[in-house]
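Chemist: mind folding the following:
(one chain, ligands or ions: 1)
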Amino acid sequence: MTKSITRGDLEAMDREDPLRGFRDRFELPEDVIYLDGNSLGAMPRATPERLREVVQDQWGRDLIRSWNVHGWIDLQQRIGAKIGRLIGAREGETVVADSTSVNLFKMLAAGLELRLERRVVVSESSNFPTDLYIAEGLVRHLGRGHTLRLADPEEVEAAITDDVAVVMLTHVNYRTGRMYDLRRITERAHAHGAVMLWDLSHSTGAVPVDLSGANADLAVGCGYKYLNGGPGAPAYLYVAQRHQARISPVLSGWLGHESPFAFEPSYRPAHGVERFIVGAPPILGLTALETGVDLMLEASMDALRAKSVQQTELFDALVTQEIGAGTFALISPRAPEMRGSQLCYGHEHGWPIMRALIDRGVIGDFRAPDILRFGFTPLYLRYADVWSAVATLKAILAERAWDHPKFHERALVT
Ligand SMILES: Cc1ncc(COP(=O)(O)O)c(C=O)c1O
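Modeler: Purely as a prediction, here's the structure:
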């Protein structure tokens with residue numbers, strides 16, 4: 001019989017944890033266990049002061065001069081380069097801009113431009129809806145007979161055939177946490193002459209990513225999840241150097257122009273990845289994002305991944321040990337190398353159980369139709385928190401606390 005896991009075991013792991021110093025650099029209420037950093041990352045303690053400086057000292061005092069004297073005009077490239085280091089991009093291949101949805105539109109259009117003679121976009125039927133909606137909208141707008149070929153995750157490879165223009169996938173699935181082999185799928189796309197577009201929203205800062213090593217083409221991702229950039233933080237995009245000069249951006253805005261301040265009447269794309277910038281950057285949002293990214297860059301990605309795997313393994317083992325194997329159905333892959341930094345469980349009362357958990361300070365989220373989703377953010381989540389979260393879940397079930405009418409009411413945001 002295997003030895004049972006105790007709270008003391010997890011507290012000992014906290015004492016040994018090489019990342020333990022990071023938690024204090026986040027603002028987190030003591031009575032909260034935050035398992036939703038995969039949806040909205042926690043706030044770095046440095047963020048309010050950084051924002052105050054930019055608002056009061058730069059905007060307030062230096063006004064429009066700040067674009068030059070405080071480097072506002074280069075902020076998207078500067079933060080883009082920092083994010084590039086987290087995903088194995090080379091210099092000049094990443095930039096921060098717009099939202100993930102808008103970047104998906106830009107990058108999918110870019111991929112289709114690189115394969116003008118082809119008409120098929122492959123994606124996964126359970127991809128995040130915005131990815132699919134954006135593809136539908138672009139295909140309809142182009143009106144050139146493109147089709148969207150949607151496959152189940154296990155069938156995606158077989159769906160990549162010689163007629164495919166772009167393969168558009170989310171590396172770590174938002175709902176199940178299932179993770180593709182980025183290099184293998186990229187190779188498969190290339191072997192069939194297709195362009196590969198990755199959505200890294202649930203990957204960057206959560207799992208090691210090596211876009212250069214995989215010879216990737218295009219990628220996008222989100223700034224407000226594991227990068228802790230704040231609600232609605234700007235997103236980022238990646239275009240491999242070899243493609244940049246061949247793409248005429250579909251959103252040809254003035255700040256993607258080769259010479260924006262020449263105010264020429266017609267568009268000439270900027271030389272590098274800057275051509276995918278559209279309009280004036282949101283400096284406050286970028287400032288908060290940079291603070292989150294800087295903090296993430298201080299940590300070793302290998303240490304983050306090792307702790308994330310340990311935490312998810314412990315959580316799942318504790319669910320079995322404390323609650324029993326049959327109560328929740330693990331929807332995430334069992335093997336840690338097949339999943340990102342989250343665990344999802346199906347339960348017929350998933351919604352009220354999650355509401356009751358949140359009411360007791362254990363914050364995860366719910367994804368329709370019946371999924372409880374727990375995100376693990378090793379920068380600020382302690383091992384002892386994993387214990388407490390499962391203990392709370394156990395108590396809620398034992399007391400049937402979830403069955404109170406107030407937990408059955410649906411909220412707008414789940
Ligand atoms: C995979 C994926 N792509 C995109 C988004 C969101 O895009 P946006 O920031 O444009 O709302 C999410 C949000 O959760 C996501 O999970």
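Chemist: and H349, backbone torsions?
Modeler: Dihedral angles of H349 (phi, psi; degrees, to the nearest 10) stand at phi -110, psi 30.
Chemist: ok, it - contacts?
Modeler: Applying CB atoms under 8 Å, 6 or more residues apart in numbering to H349 gives the contacts 402-403. Where you see a C-beta, it was placed from the backbone N, CA and C, and this is true even at glycine.
Chemist: give me the pLDDT value at it.
Modeler: You'll see H349 listed with a pLDDT of 96.
Chemist: so V220 belongs to a strand, correct?
Modeler: Yes. V220: assigned to a strand according to DSSP: H, G, I helix; E, B strand; the rest coil.
Chemist: can you give me the helices in this protein?
Modeler: 7-16, 47-52, 66-69, 75-86, 100-114, 129-142, 156-159, 182-191, 241-244, 283-298, 301-318, 350-359, 383-398 (DSSP state H).
Chemist: tell me the angle of the first one relative to helix 301-318?
Modeler: When you say that, I think you mean helix 7-16. When axes from the mean of the first three to the mean of the last three CA atoms, to 10 degrees is applied, the directions of helix 7-16 and helix 301-318 differ by 170 degrees.
Chemist: which other residues reach helix 7-16?
Modeler: When contacts are defined by CB under 8 Å, 6+ apart, helix 7-16 is touched by residues 20, 310, 314, 382-384, 386-387.
Chemist: among the residues you listed, who's most crowded?
Modeler: When neighbours are counted by other CB atoms under 10 Å, V386 leads the contacts of helix 7-16 with 28 neighbours.
Chemist: right, and it touches L318 too?
Modeler: Yes. At 6.8 Å, V386 counts as touching L318 under the criterion of CB atoms under 8 Å.
Chemist: sorry, back to before: if we only consider the contacts of helix 7-16, which is nearest to the ligand?
Modeler: V386 (23.2 Å; CB to the nearest ligand atom).
Chemist: pLDDT score for the closest one?
Modeler: Among the per-residue scores, V386 shows a pLDDT of 98.
Chemist: how about the residue nearest in space to the middle of the chain: what's its closest non-neighbour residue?
Modeler: Closest to where the C-alpha atoms of the chain average out (CA atoms, centre = their mean) is S201, at 2.2 Å. The shortest distance from S201 to any non-neighbouring residue, by CB to CB, 6 or more residues apart in numbering, is to C222 (3.8 Å).
Chemist: how close does the one you found get to Q76?
Modeler: Here the criterion is CB to CB, to the nearest Å. By it, C222 lies 15 Å from Q76.
Chemist: what's the answer for A189, then?
Modeler: 28 Å.
Chemist: contact residues of this structure facing the ligand?
Modeler: Residues of the chain lying close to the ligand by CB under 6 Å from any ligand atom are 99-101, 128, 130-131, 170, 174, 199, 201-202, 222, 235.
Chemist: filter those residues down to the buried ones, PyMOL style.
Modeler: Listed next is the PyMOL selection for buried residues among those, using 16 or more other CB atoms under 10 Å:
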select buried, resi 99+100+101+128+130+131+170+174+199+201+202+222+235
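Chemist: tally of neighbours for L35?
Modeler: For L35, the neighbour count with other CB under 10 Å is 27.
Chemist: dig out what the nearest residue to R149 once chain neighbours are set aside forms beta bridges with.
Modeler: Spatial nearest neighbour of R149, chain neighbours left out: V122 (4.9 Å); criterion: CB to CB, 6+ apart. Taking DSSP bridges, one obtains R149, V167 as the residues bridged to V122.
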